[in-house]
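Visitor: sequence plus the predicted model coming up.
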Amino acid sequence: MTTRGGFSSRLGFIAAAAGSAVGLGNIWQFPYVAGQNGGAAFLIIYVFWIFLIGFPIMLGEITLGRSAQSNPYGAYKKYGGKAWGLVGLFGILSGIMILSFYNVVSGWAFGYFLETAFGNLLEENDFSSFFGEYVADYSDNLWFSFGFMAITAVIVLQGVKKGIEGSAKILMPALFFLLLGIIVYGLTLPGAIEGVKFYLLPNFSLINAETIYSALGQAFFSLSLGMGGLITYGSYLSKQENILSSASLVVIADTMVAFLAGLMIFPLVFSQGQSPSEGPGLVFVALPGIFQAMGPVLGKIVGSSFFLLLCFAALTSTISLLEVAVAYLIDERKWSRRRAVSLMALVIFFIGIPSMLGYGAIQSLTSFTFYEGTSKSFMDLVQDIFSVIALPLGGFLLSVFIATRWTTAKFSDEISQGAKNYKGSFMEGFLNIMIKFICPVVLGLMFILTLLQKFFNIQLF
Ligand code: TRP
């Protein structure tokens, strides 16, 4: 027990878990996925998944971690034996793969910070082709993503309290206020209202199977669920803490930031006559035009602050992703933190290189045909396997594990340790039913549907 680190306070855990949740998933990915999947209709389904499935699964992860005091592999193995341990291992692998591409996008954000602050990004006249050329030029990107991984490693090296907790407490609030500022500015622009309509007035004819599982995958990704990240953070949490209220705050903060990111982006996109379904470049293409319009001085200040905070948001997430694999190596393989961090960071950086080269640098990685009529980049493929499919699958397995092995009684006991009136409450009944019946059925079904669509191109509706 004495060698495991821990959070110093409840606020520390909340900041770290919210820091893990809030990241590129909210600001970069959420708007572009929503833009590709019908705007408001997507938003509604997303929120539905967050509260119905995301919240119970989040509690499942945190309670399991705190009870087992272990990394995902150790936690599953402790209560379910070696075979269940494999589920934990698969989660750790998913985390490694997610971090590999996440770090590349973080590198883009860092590059955009430098280009805005010190370069001449804001003097460009075609931000879309600038973005295309930027991501295709791997020489800078190699350095930036290497640098990003190095910074992540340095913080994870300092351990739970100083590194992880300390950084998150300052960066999260700063990001929040900057978002609010840009939203207010954006709403004053001509044509902005069209963006608000797209984002807030649902057109249900745009909903299809893809909308539904994209929203589910997005919910898991955004809350950092399904690969044991919160099992790991939960294992650093003390027994007195109220998991129920902490998790609620994390879910609310994460959903707020994603919601605000959409409210920031869509008015800007529409006021500049861009397309909301632009894809992964959306944030990088829509925002610079606005910064440019603010004039050279103000634009530089606001623009570079924005990309810098985007880097910070990404950093508290890369930290949490790296920590999972590191915790495994420390707990199970008895490695030193230093050895685990440096080796893992380096390996994951290398695994990310094909994702980086798949944005124009190397044609065969940029678009290959997986099945007739579609083309994917290498990064899309990694995202499909390890995020869209693996995370909800991880949630499915977690709920089956709790229902059949660890038991909802233990789940409930663990929550009630820090939440006085939990036992016998409506919330307890709700969560137990969700974990035991609804999550396994819904997530199992969604897993099959997603697999059929993504890999066999069978579209159900
Ligand atoms: N949730 C983070 C984001 O929205 C990314 C992230 C961090 C993550 N840890 C994770 C995603 C674990 C899935 C699993 O940017």
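Guide: Yes, it's here.

Visitor: next up, the contacts around residue 35.
Guide: 265-266, 269, 275-278, 282 (CB atoms under 8 Å, 6 or more residues apart in numbering). C-beta: built from backbone N, CA, C; applies to glycine.

Visitor: I'd like to know which of those residues are buried.
Guide: When those are checked for burial by 16 or more other CB atoms under 10 Å, the buried set is 265-266, 269, 276, 278, 282.

Visitor: out of those, which is nearest to residue 327?
Guide: Nearest to residue 327 out of these is residue 282 (CB to CB; 33.7 Å).

Visitor: got the contact list for the closest one?
Guide: 28, 31-32, 35, 265, 269, 276.

Visitor: now for the closest residue to the ligand within the stretch 301-450 of the chain, how many residues are close by?
Guide: As assessed by CB to the nearest ligand atom, the ligand sits closest to residue 317 within the stretch 301-450 of the chain, at 3.9 Å. Number of residues near residue 317 (other CB atoms under 10 Å) recorded here: 27.

Visitor: for it, which three-state class applies?
Guide: Using DSSP: H, G, I helix; E, B strand; the rest coil, the structure places residue 317 in helix.

Visitor: surely it and residue 16 touch.
Guide: No. If you go by CB atoms under 8 Å, residue 317 and residue 16 don't touch, sitting 10.7 Å apart.

Visitor: any low-confidence regions in the protein?
Guide: Counting by pLDDT under 70, the ranges of the chain that qualify are 1-3, 160-168, 370-374, 460-461.

Visitor: so which residues on it come close to the ligand?
Guide: With CB under 6 Å from any ligand atom as the criterion, the chain comes near the ligand at residues 20-21, 23-26, 95, 98, 221-222, 224, 227, 229, 317, 320-321, 391.

Visitor: swap in 8 Å and give it another go.
Guide: 20-30, 94-95, 98, 102, 220-227, 229, 254, 258, 313-314, 317-318, 320-321, 324, 387, 391 (CB under 8 Å from any ligand atom).

Visitor: for the contacts of residue 282, which one is nearest residue 109?
Guide: Closest approach to residue 109 among the contacts of residue 282 (CB to CB): residue 28, at 7.6 Å.

Visitor: for the closest one, the count of nearby residues, please.
Guide: If we define neighbours as other CB under 10 Å, then residue 28 has 25 of them.

Visitor: I'd like the numbering to begin with 557 instead of 1 from here.
Guide: Understood, numbering begins at 557; the last thing we discussed is residue 584.

Visitor: which non-adjacent residue is nearest it?
Guide: For residue 584, ignoring the flanking residues on the chain, the nearest one in space by CB to CB, 6 or more residues apart in numbering is residue 839 at 5.1 Å.

Visitor: isn't the one you found right up against residue 821?
Guide: Yes. Contact status for residue 839 versus residue 821: in contact at 6.5 Å, counting by CB under 8 Å.

Visitor: for these two, list the residues in contact with both.
Guide: Going by CB under 8 Å, 6+ apart, residues that sit against residue 839 and also against residue 821 are residue 587.

Visitor: tell me where the stretch 657-806 of the chain has helices.
Guide: Ranges of helices in the stretch 657-806 of the chain, per DSSP state H, counting those that start in this stretch, are 683-692, 694-713, 722-743, 748-756, 765-778, 785-790, 799-827.

Visitor: so for residue 564, which of those helices sits nearest?
Guide: Taking CB to CB, helix 722-743 is the member of the helices of the stretch 657-806 of the chain nearest to residue 564, at 9.4 Å.

Visitor: now the closest one: buried residues?
Guide: So for helix 722-743, counting by 16+ other CB under 10 Å, buried means 722-725, 727-728, 731-732, 734-735, 738-739, 741-743.

Visitor: alpha carbons only: can I get the host helix or strand of the residue nearest to residue 584 in PDB?
Guide: Assessed by DSSP states H and E, residue 839 sits inside helix 838-849. Written as PDB, here are the backbone C-alpha positions of helix 838-849 (Å, rounded to 0.1, in the frame of the first residue of the first chain):
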ATOM      1  CA  LEU A 838     -12.800  21.500 -38.500                       C
ATOM      2  CA  VAL A 839     -11.300  23.200 -35.400                       C
ATOM      3  CA  PHE A 840      -8.000  23.900 -37.200                       C
ATOM      4  CA  VAL A 841      -9.800  25.400 -40.200                       C
ATOM      5  CA  ALA A 842     -12.700  27.300 -38.700                       C
ATOM      6  CA  LEU A 843     -10.900  29.100 -35.800                       C
ATOM      7  CA  PRO A 844      -8.000  30.800 -37.500                       C
ATOM      8  CA  GLY A 845     -10.300  32.800 -39.700                       C
ATOM      9  CA  ILE A 846     -12.000  34.300 -36.600                       C
ATOM     10  CA  PHE A 847      -8.700  35.100 -35.000                       C
ATOM     11  CA  GLN A 848      -7.600  36.800 -38.200                       C
ATOM     12  CA  ALA A 849     -10.800  38.900 -38.200                       C
END
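
Visitor: next, the angle helix 799-827 makes with it.
Guide: On the basis of axes from the mean of the first three to the mean of the last three CA atoms, to 10 degrees, helix 838-849 is oriented at 60 degrees to helix 799-827.

Visitor: follow-up on the earlier one: with secondary structure added, can I get the contacts of residue 838 in JSON lines?
Guide: Below are the contacts of residue 838 laid out as JSON lines (three-state DSSP):
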{"residue": "584", "secondary structure": "helix"}
{"residue": "587", "secondary structure": "helix"}
{"residue": "588", "secondary structure": "helix"}
{"residue": "591", "secondary structure": "helix"}
{"residue": "821", "secondary structure": "helix"}
{"residue": "825", "secondary structure": "helix"}
{"residue": "832", "secondary structure": "coil"}
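
Visitor: tell me the one of the buried ones among the contacts of residue 591 nearest residue 668?
Guide: When the buried ones among the contacts of residue 591 are compared for distance to residue 668 (CB to CB), residue 838 wins out at 13.0 Å.

Visitor: against the ligand, how distant is the closest one?
Guide: Applying CB to the nearest ligand atom, to the nearest Å, the value for residue 838 to the ligand is 15 Å.

Visitor: give me the nearest residue to residue 983, chain neighbours excluded.
Guide: Nearest non-adjacent residue to residue 983 (CB to CB, 6+ apart): residue 800, at 7.1 Å.

Visitor: if I pick that neighbour, what's in contact with it?
Guide: 615, 971, 974-975, 978, 983.

Visitor: narrow those residues to those that are buried.
Guide: Applying 16+ other CB under 10 Å to these flags 615, 971, 974-975, 978 as buried.
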